[in-house]
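**Q** Provide a 3D model corresponding to the input given below.
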Amino acid sequence: MTTITRHLSTLLLTTLALAVAPASAQAESSHGAAPDALAGKTVLVTGSTDGMGRQLAVELAALGAQVIVHGRNAERGAEVVDEIEAAGHGSAVFHAADFASLDNVREFAATIRERHERLDLLINNAGIWRQADDESRRLSEDGHELVFAVNYLAGYLLSYELLPLLEHSAPARIVNVASGAQQPIDFDDVMLEQAFSPSRAYAQSKLAQIIFTMDVAEEFAERGVTVTSLHPASLMDTTMVRLAGVPPRATVEEGVEAVMQLAVSPALEGRTGLYFDGLKEARAHEQAYDASAQAALRALSESLTAR
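**A** Here you go, the predicted structure:
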């Protein structure tokens with residue numbers, strides 16, 4: 001293993017996020033939002049049938065929101081909806097979609113636009129990494145490298161597909177759940193046909209989310225929508241981390257608190273194009289601020305999604 005590979009693996013093992021924790025653990029949250037801050041508002045958390053996404057859905061409903069729960073499994077989606085409804089705060093509805101298919105993303109977005117009159121908050125949280133015993137390169141339904149497709153392209157396309165609804169509800173927010181594991185994109189081998197590893201695929205996809213955040217910040221702000229990204233916490237005790245065979249190093253509560261700050265904190269109203277490491281504003285990989293990299297990713301994304 002090379003020094004660079006060891007460094008990337010170590011960094012990756014300090015960054016992944018997603019699992020379930022009691023809502024009461026967030027009672028002393030530092031996000032500063034009022035108890036009914038989201039009353040009358042609609043929020044969407046992708047990947048919210050398990051892990052950190054599920055807990056975020058519960059926390060947002062506790063602030064009075066109607067939460068759109070997303071995942072692939074209808075049974076687990078119904079469980080989250082039932083949990084939120086039983087709590088007696090806010091409300092919830094489940095819509096299924098497989099983000100390994102761009103057509104599924106489009107259909108999902110069309111359903112949201114058809115059935116919901118507003119969208120005040122979009123949290124692009126859905127993501128994948130690897131199985132502990134599986135280092136293979138896999139492809140999405142559209143023929144793209146699977147991690148890049150699910151972790152980045154799906155959120156990119158969904159954000160644009162739902163932008164009119166977000167604009168209609170302005171001021172609105174998009175939060176991209178990225179990672180501290182960031183590896184620059186090689187635009188000559190974005191699909192990693194020449195040099196694939198699960199760590200590189202994950203780190204590249206997460207930096208793509210951050211580059212996207214920086215690139216569209218001004219464009220979306222003109223429409224009343226702020227866009228931020230973050231590394232929520234390191235290796236929370238989640239299904240994704242356990243399946244990767246990695247010992248957890250952080251609590252889900254840490255990640256939830258960090259995402260909730262970007263999602264609802266009054267102090268971040270109107271602020272856009274930011275990257276946070278946990279609760280603190282931070283500096284992402286330098287490629288995130290490179291105008292040529294932003295333009296290259298934008299052109300690639302438009303081409304791959306036929307947007």
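**Q** Can you say which helix or strand has the spatially closest residue to Gly278 that is not a sequence neighbour in it?
**A** Ranked by Cβ to Cβ, 6 or more residues apart in numbering and with sequence neighbours excluded, the top spatial neighbour of Gly278 is Ala258, at 4.9 Å. Using the backbone N, CA and C atoms, a C-beta is placed for each residue, glycine as well. Element membership for Ala258 (DSSP states H and E) is helix 252-264.
**Q** picking that back up, any idea how far the residue nearest to Gly278 is from Arg200?
**A** 25 Å (Cβ to Cβ, to the nearest Å).
**Q** Quick check on these two: which one has the bigger neighbour count.
**A** Set side by side, Ala258 and Arg200 show more neighbours around Ala258, with 25 against 20, by other Cβ atoms under 10 Å.
**Q** Which pLDDT value does the model give the more buried one?
**A** pLDDT recorded at Ala258 is 96.
**Q** cool, and Leu8?
**A** For Leu8, pLDDT reads 45.
**Q** Please tell me I have it right and Ala296 contacts Phe187.
**A** Yes: contact criterion Cβ atoms under 8 Å: Ala296 and Phe187 qualify, at 5.1 Å.
**Q** which one of those two has more residues nearby?
**A** Shown here are Ala296 and Phe187; by other Cβ under 10 Å, Ala296 has more neighbours (16 against 12).
**Q** The stretch 101-250 of the chain: strands as residue ranges?
**A** 121-124, 172-177, 225-231 (DSSP state E, counting those that start in this stretch).
**Q** Contacts for the second one, please.
**A** Among residues not part of strand 172-177, those counted as contacts by Cβ atoms under 8 Å, 6 or more residues apart in numbering are 17, 52, 119-125, 127, 155, 159, 166, 209-210, 212-213, 220, 224-230, 232, 259, 262-263.
**Q** List the buried residues for stretch 104-116?
**A** Going by neighbour count (16 or more other Cβ atoms under 10 Å), the buried part of stretch 104-116 is 104-109, 112, 116.
**Q** Send over the top helix by length along the chain as CSV, restricted to the C-alpha atoms.
**A** Longest helix in the chain by number of residues, with DSSP state H as the criterion: helix 198-221. In CSV, the C-alpha atoms belonging to helix 198-221 read as follows (Å, rounded to 0.1, in the frame of the first residue of the first chain):
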residue,chain,number,x,y,z
PRO,A,198,-13.7,2.1,-2.9
SER,A,199,-11.9,4.7,-0.9
ARG,A,200,-11.1,6.8,-3.9
ALA,A,201,-14.6,6.4,-5.3
TYR,A,202,-16.1,7.6,-2.1
ALA,A,203,-13.7,10.5,-1.5
GLN,A,204,-14.1,11.7,-5.1
SER,A,205,-17.9,11.6,-4.9
LYS,A,206,-17.9,13.6,-1.7
LEU,A,207,-15.6,16.3,-3.1
ALA,A,208,-17.9,16.5,-6.1
GLN,A,209,-20.8,17.4,-3.7
ILE,A,210,-18.7,20.2,-2.3
ILE,A,211,-17.6,21.5,-5.7
PHE,A,212,-21.2,21.5,-6.7
THR,A,213,-22.0,23.5,-3.6
MET,A,214,-19.5,26.1,-4.4
ASP,A,215,-20.3,26.3,-8.1
VAL,A,216,-24.1,26.8,-7.7
ALA,A,217,-24.1,29.0,-4.6
GLU,A,218,-24.5,32.3,-6.4
GLU,A,219,-26.8,30.9,-9.1
PHE,A,220,-29.2,29.5,-6.5
ALA,A,221,-28.9,32.5,-4.2
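**Q** any idea how far that helix is from the chain center?
**A** Remark: helix 198-221 is offset 10 Å from the chain centroid, using Cα atoms, centre = their mean, to the nearest Å.
**Q** Buried residues, it. List them.
**A** So helix 198-221, judged by 16+ other Cβ under 10 Å, has buried residues 198-217, 220-221.
**Q** and the angle from it to strand 172-177?
**A** Helix 198-221 and strand 172-177 meet at an angle of 170 degrees, taking axes from the mean of the first three to the mean of the last three Cα atoms, to 10 degrees as the criterion.
**Q** which helices and strands sit right next to helix 198-221?
**A** helix 3-12, helix 146-148, helix 154-168, strand 172-177, strand 225-231, strand 274-277, helix 291-305 (3 or more Cβ pairs under 8 Å, 6 or more residues apart in numbering; DSSP states H and E).
**Q** wait, doesn't Gly47 sit right on Asn151?
**A** No: Gly47 lies out of contact with Asn151 (Cβ under 8 Å); the separation is 10.0 Å.
**Q** overlap in contacts of these two?
**A** 126-127.
**Q** ok so, going back, out of the helices and strands packed on helix 198-221, which is closest to Asp98?
**A** With Cβ to Cβ, the closest approach to Asp98 among the helices and strands packed on helix 198-221 belongs to helix 154-168: 9.3 Å.
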